[in-house]
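K.L.:
okay, here's the prediction I keep looking at, along with the sequence it came from:
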Amino acid sequence: MNHPFTEVIFNVLEGRFGDVARDLFDKSLLLQYLNVKTRSANRGSKARAAFANHYALYVLVEDYIAKGFMGAMKGHYRKYEGARFTDLFRRQRELPFGAKLQNHALNSRLNDEFAKYFPASDLRPIVRDLAGQRYWVNEQLLDVAVSVGHEIRTINIAEVVIKIINSYIDTKVSAFRKFIATCREMASLSSVSSRDAVAFVTSQLQPSADARIFEIISFAILKAHYGEQSIFWGWSPDELQQNFLMLYKTGRTNANDGGIDFVMKPLGRFFQVTETVDVYKYFLDIDKVCHFPVTFVVKSTDSYENIYDQLHEEARRKYDIDAVIERYMSAVEEIINIPHLLSVFEALVVGGKLPQIMDEIVLQSRIEFNSEDDVGM
């Protein structure tokens, strides 16, 4: 797999190892894995950058180097008592975008994903002792045998692994800063320049955009949109009160936590953001809330009618029981697509809500990308 960041990887390898760089890459499963895991580096802020597996590998290799196993302690790693989980976990949370990372990558996800890409290999990047909460990087993946002339030489890639991941981090930090700066610039535009703001948001609301960015911008737009609407309610006709609608984001984007993405007060509407027209996913979301009506925000330019009809047809093909189909379809309260979001956004810009929307995008982006200070490092 070749992508723009592959060139960066080879520059690092050639700068350190010269002519054996290609052979080293071809022989190293770990370098090939990093090549896969860095393919989003040059796609800008919209591309997904899940750092958990990078950082699980990073902190273990960093510990390997720091404890001298490339120097005075070389050849003695098998006698090492292992890094403590608490130390590794704390260190990965110190890294850019790592403040809210959890323990899954260290405990299983890095090894599981590595096995998915290299099923023929029995090697896994992390060796761990669950009882003692001690961790090691698999040194067999760091030591790579390559041909140098007529010789076979073993090269340790620990330091280049760190350098490659650092280069990836630098690229993503730069993209993030650029994204935040652009949002802030758009927020400061006068109404005369609102066309630029619409163009910017339009470029982010595309079917190919990253799911997190789509969810963040959708939330910012809908929060401003519903915030202009109010209802009167109370316990009796003589005790009515006016409340503006408030949209709340219930968790992190794409978190696989089984939750509903947005909740509206005081109406109690549920919103779920989705990328596909997959009947099982829609119906699963409806099941989560016991068939309470759900509004689906769909990352699609298809019309509401087309999405609804496609969903209905897929449901009929898979279930073929009218009572089941209608019970689920009646729980689809509304479908909001990209054209609808853009139309609402343009109206909000005309109404002077651009700074509010952009400020919300900045806030939610900083939360999502684990940055409380714009990655100020």
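P.N.:
Good, I have the coordinates.
K.L.:
what's the spacing between the spatially closest residue to Y226 that is not a sequence neighbour and V263?
P.N.:
Excluding the flanking residues, the one nearest Y226 by Cβ to Cβ, 6 or more residues apart in numbering is L245, at 4.1 Å. The way it works is simple: take the backbone N, C-alpha and C, and place the C-beta from them, glycine included. Distance of L245 to V263, given as Cβ to Cβ, to the nearest Å: 11 Å.
K.L.:
could you list which residues are in contact with the residue nearest to Y226?
P.N.:
Y226, G227, Q229, S230, I231, M264, K265, P266, L267 (Cβ atoms under 8 Å, 6 or more residues apart in numbering).
K.L.:
quick one: which of these has the most company?
P.N.:
Within those, Y226 tops the neighbour count with 19 neighbours, counted by other Cβ atoms under 10 Å.
K.L.:
could you check the pLDDT of that residue?
P.N.:
Per-residue pLDDT puts Y226 at 96.
K.L.:
now L247: which helix or strand?
P.N.:
Using DSSP states H and E, L247 sits in strand 246-249.
K.L.:
cool, V144 as well?
P.N.:
strand 143-148.
K.L.:
give the pairing partners of that strand; include direction for each.
P.N.:
strand 151-156 (antiparallel) (DSSP bridges).
K.L.:
what residues does the partner strand touch?
P.N.:
Strand 151-156 is contacted by residues F17, V20, L24, M70, L142, D143, V144, A145, V146, S147 when judged by Cβ under 8 Å, 6+ apart.
K.L.:
try 6 Å
P.N.:
Outside of strand 151-156, the residues within contact range by Cβ atoms under 6 Å, 6 or more residues apart in numbering are M70, L142, D143, V144, A145, V146.
K.L.:
what's the PyMOL line that selects buried ones from the residues you listed?
P.N.:
Command for PyMOL that selects the buried part of these, burial taken from 16 or more other Cβ atoms under 10 Å:
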select buried, resi 142+144+146
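K.L.:
include distance to A83 when you put the contacts of strand 151-156 into CSV, please.
P.N.:
As requested, the contacts of strand 151-156 are exported to CSV (distance: Cβ to Cβ, whole Å):
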residue, distance to A83
M70, 15
L142, 15
D143, 19
V144, 22
A145, 26
V146, 28
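K.L.:
what is the nearest of the contacts of strand 151-156 to S167?
P.N.:
Ranked by distance to S167 (Cβ to Cβ), these are led by L142 at 18.3 Å.
K.L.:
residues contacting that closest one?
P.N.:
Counting by Cβ under 6 Å, 6+ apart, L142 has contacts N156, I157, A158.
K.L.:
ok, it to L342 distance?
P.N.:
For L142, the distance to L342 (Cβ to Cβ) stands at 49 Å.
K.L.:
still on that earlier bit, what is the nearest of the contacts of strand 151-156 to L363?
P.N.:
Distances from L363 to these, taken by Cβ to Cβ, are shortest for L142, at 40.6 Å.
K.L.:
for the closest one, give its distance to L60.
P.N.:
From L142 to L60 the distance is 10 Å (Cβ to Cβ).
K.L.:
one more: E228?
P.N.:
In this view, E228 and L60 are 51 Å apart by Cβ to Cβ.
K.L.:
comparing these two, which residue is more hemmed in?
P.N.:
Legend: neighbour count by other Cβ under 10 Å for E228 and L60, higher for L60 (26 against 12).
K.L.:
ok, that one to P125 distance?
P.N.:
Using Cβ to Cβ, L60 is found at 8 Å from P125.
K.L.:
cool, I357 as well?
P.N.:
Distance, I357 to P125, using Cβ to Cβ: 42 Å.
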